[in-house]
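**Student:** The sequence and its predicted three-dimensional model are supplied below.
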Amino acid sequence: MAVASVEQLTFAYPGAPPAVGDVSLSVEPGEVVLLLGASGSGKSTLLRALAGLVPWFHGGRFAGRVEVAGLDTRRVRPAELAGVVATVFQDPEDQVVLAQVEHEIAFGLENVGAPPAAILPRVHDALAAVGAEHLAGRRIAELSGGELQRVCLASALALEPQLLLLDEPTSQLDPDGAEAFLDHALAGDAAVVISEQRPAAALARADRVVFFENGVVLLDAPRDAAIAWLDEHRPAWTSLQPSNSLLQASVSSHTLTHDPRNSLLQGRGGAVVSRVSDAVFAYPTGPRVLDGASLELRCGEVVALTGPNGSGKTTLAKLAAGLLEPAGGAVERTGRAAFLLQDPGRYLVSETALAEVALGADGRRARCALADVGLAWAEARHPRDLSSGERERLALATVLVDAPDLLVLDEPTRGVDPERKAELARLLRAQAASRATLVVTHDVPFARAVADREVSLGTRREALVA
Amino acid sequence: MRPTAAAALLAALAVAALVADHLWSVGALALGLLCVCLRAGRRARPYLWGTLVSAGLVFLLSPLLQSTGWHVLWSGPVVPVLGRLDVTREELWVAALNALRLAAVGLAFAVYALLLDHDRLIAAATGRRSVLAAVLATRLVPTFERDAAGLVEALRGRNLAPEGLRGHAALLSPLLAGSLERGTNLAEAMEARGFGRPGRTRLPSPPWRALDVAAVAAAVAIVVVAIWL
C-alpha cells in the first residue's frame, strides 16, 4: 500500500492562479522520489500538500485528494499528521523553535506525545543518525548553517516518520555537506520526497523523478528513464553535473603552489579593481577567519571563490568589496563595488520589484536589469510575493543595475533552477568585459560554467578553469 | 538555578522597583540588575541602550510636563497647551524615581532575555502556548538587531547606505514585514511538528533543589517587603 497518494490535486493560494493543477502520484514505502522543476513550478506546494499544510495553513482553493498513511489531509490537521509525516524546510533558521539542540529535537517528540522516558534516547539516536552526536548540548545560536540543517533533519528523523519531506534542504550546504546530508536523510526506512535545485547528488540517490512545469507534472519516471528524458528535453538539469571527484581531480591537477602571493592569485585581465594582500580578519567574538589571505581581481575576469562552509569565503569577498576592513594586511580598490549578500530577504525594502531595483538607478535601467534576470513580468509584483529563487534573481538585479566596476555575488544560485543558472552564467559572461566579477559559491557546476579561474579557500588551492 | 525560580525572582525585583518609593532602594535594585545584565557581554548592548535611553527621556521630559512642587529650580517660556515650562525640585525627584523604576524593569527584562534558559522555562510552564509566545517575542530584539544590520549591509553593498534618522526609519517597514514573514514560516514549521496537538508529553526535568526553593521564597519576600515599606 502506498505511503502517500495524490489524486488530481489542484490548488491555488488565496488570490493567485493555481500553483499545481491535476497532479496525481503515489509514493511507495521506502521509495525516494525527487521533485525537479523551475522556481515556482509547484514542487513546494506539493510538499506542503503532503504535509497537510496546504490547505490547512495557507488557505486557498483545494480540489482533489491527498492521503498519507491512509489519512485524508482534508480531514486531519497537519499537527495530527506530525509523526507520520516530517518536513525539513529550506531555511533552517525559520524552523527552529528552541535555543538548545537537544530541546529542539525533543520539541516534536513532546508534541506527538512520545513517552517521556523515551524522548532523550530518541533525541540522541536521531543525532547519531545524522552524524551529529557532538552537537548535543550545544546552543542553536552557535551552530553553522550546515550544523543547523543537520539538527533540523535530526528533529524530523526523531519522529520516525513514514514519509520524510525535504524542501531544497541542501541549498545552503557545500558539496561535501550536501552529500553527507542526503546520505543521512536517505539512510532510514522512511519514504522520502525531496525537492532540489542542485539535482546531481539527489539524482544519484533517487528511485523516481517527477518533473514539474507551471504546476503540471511533465514527467514521472524511474531514475534512469528520467535522466534520459532530461538529457533530451531539459539538458540544463543534467549537463552541468560534474561529480565532486571530477572537480577534485581537476583542481588537484592544476594546483601550483600554496604561496598566497603566487601568480595565479593575481588577476588575469585589465586594470586591477581590487587587491587584497595578506589580509587578517576576525569577527569580534570569534577566532581568526582569515590569516594572510590574498586575492587580486582585474577588470574583465570572472573569479569563482569556492571552499567548504566556514572557510572564510564570504569574509574575503566582503574585504574585496569594502564591506569589511581587515585587521591586518591591506586592501586596495578602485571604482565602485556592488555586493550581493546570501540572504535575498535583505533586498526587499520597496513595494514593487521595479521600485526595488530602481532604488539604485533610473526606471529604464531598472527595467533592463529585471529583464536580464528574467523578471520583466514581475515589475509590479510585491517582492515578498516572489518565490525564493525569484527573490534571488531580484536581488541580483538590484546589484547589476548599478553597473559596478567590481561585482561580488555571494551564493547567487541558491534556490535558482539549472535553466536560470545557465542564463545567469551567460549573462555574467556577456558582461564580464566591463567589470571584475567575483562569485562566491558552493555550486561547483555553476562555478565551472562561469569562471575564468577558481580560488578555493580552506585548501589554499587554485585552478584555471578556462 | 531553575529558570522558573530565576524568572520569579526577576519578576519580584521588577514589582519591587515599581512599588518602592525610595530613590536609594530603586537605585540599588537597578544597579544590582545592571551588574547581572553585564554578565551577558556584548549581547546586552541593545537592551542597555533601549533601557538607558528610555529612562533618560523619562528623566529629562517628565519635569517639563508636570506641574508639581514649589521649589522652583528653573523657569522657562510659556508654551501653548503645556503652559509655563519650569522645573522644581519635587518634579526632579519624581522624574528620577520613575526613570530608575523604568530602568530596573527594563534591566530585569534584559536579564530574563539574555541569561535565562528559555527552553526549560517553556518545558516547566503550565500554559505552554503563552510562555512559548512570550519567549519567541523575547527573541524579537536580537532578531531585529540582526535583520537591521543585514538590511544596512545589503544597502551598503548597493552603494545606497541609509543616512540620518530618516534613512534608518525607512527600514522599519521592511524590518516589520520581514519579521512577520519569519513568524509565519515559524508557525508553519511548528504546525508541521505537531505543535498544538492534544496529548503532549514533556522531557523529564531535574527536580527542584534548595536553591530554587530559596529563590522563590526570596521572590515572595521581596514583594511583601516592598509593599510593606
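**Tutor:** Structure received.
**Student:** And the longest helix along chain B, what does it pack against?
**Tutor:** For chain B, the longest helix by residue count, based on DSSP state H, is helix B:89-115. The contact analysis (3 or more Cβ pairs under 8 Å, 6 or more residues apart in numbering or on different chains; DSSP states H and E) places helix B:89-115 against helix B:3-19, helix B:23-37, helix B:45-65. Glycine gets a C-beta too; all of them are placed from N, C-alpha and C.
**Student:** which parts of the longest one are buried?
**Tutor:** Residues of helix B:45-65 classed as buried: B:Pro46, B:Tyr47, B:Leu48, B:Thr51, B:Leu52, B:Ala55, B:Val58, B:Phe59, B:Ser62, B:Pro63, B:Leu64 (neighbour count, 16 or more other Cβ atoms under 10 Å in any protein chain shown).
**Student:** and it, is it in reach of chain A?
**Tutor:** No. Helix B:45-65 is not in contact with chain A by Cβ under 8 Å from any Cβ of the partner chain; minimum separation 11.1 Å.
**Student:** ok, now the first one?
**Tutor:** No. Contact of helix B:3-19 with chain A (Cβ under 8 Å from any Cβ) is absent, the minimum separation being 11.0 Å.
**Student:** Under the pLDDT cut-off, which ranges of chain A? List them.
**Tutor:** A:239-269, A:459-466 (pLDDT under 70).
**Student:** In it, which residue is most central in space?
**Tutor:** Residue closest to the average C-alpha location in chain A (Cα atoms, centre = their mean): A:Ser171, at 2.1 Å.
**Student:** So that one sits against A:Asp417, correct?
**Tutor:** No. Counting by Cβ atoms under 8 Å, A:Ser171 stays clear of A:Asp417, with 11.4 Å between them.
**Student:** Pull up the overlap in contacts between these two.
**Tutor:** Common neighbours of A:Ser171 and A:Asp417 are listed as A:Gln197 (criterion: Cβ atoms under 8 Å, 6 or more residues apart in numbering or on different chains).
**Student:** so what's the backbone phi/psi at B:Pro80?
**Tutor:** When quoted as degrees, to the nearest 10, the phi and psi of B:Pro80 stand at phi -50, psi 150.
**Student:** export the top strand by length along chain B as CSV, just CAs?
**Tutor:** Ranked by number of residues, the top strand in chain B under DSSP state E is strand B:72-79. Backbone C-alpha positions of strand B:72-79 (Å, rounded to 0.1, in the frame of the first residue of the first chain) are rendered in CSV as follows:
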residue,chain,number,x,y,z
VAL,B,72,11.4,76.1,41.5
LEU,B,73,14.9,75.5,40.1
TRP,B,74,14.4,76.8,36.6
SER,B,75,11.6,78.8,35.0
GLY,B,76,11.2,78.8,31.2
PRO,B,77,8.9,80.2,28.5
VAL,B,78,5.2,79.7,28.2
VAL,B,79,4.3,77.0,25.6
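**Student:** Tally up the residues packed near B:Gly27, please.
**Tutor:** Applying other Cβ atoms under 10 Å in any protein chain shown, we find 17 other residues in the vicinity of B:Gly27.
**Student:** That one: what's it in contact with?
**Tutor:** B:Gly27 neighbours (Cβ under 8 Å, 6+ apart): B:Leu100.
**Student:** so what's it scoring on pLDDT?
**Tutor:** For B:Gly27, the model assigns a pLDDT of 94.
**Student:** circling back: strands paired with the longest strand of chain B, and their directions?
**Tutor:** Looking at strand B:72-79 with DSSP bridges, its partner strands are strand B:83-88 (antiparallel).
**Student:** residues contacting residue 48?
**Tutor:** All of this refers to chain A. A:Arg48 sits next to A:Val54, A:Phe57, A:His58 when contact means Cβ under 8 Å, 6+ apart.
**Student:** that's the wrong chain, I meant chain B
**Tutor:** So, once contact is read as Cβ under 8 Å, 6+ apart, B:Leu48 ends up touching B:Leu34, B:Cys37, B:Ala110.
**Student:** hang on, the first one packs against B:Leu107?
**Tutor:** Yes. Counting by Cβ under 8 Å, B:Leu34 does reach B:Leu107; the two are 5.6 Å apart.
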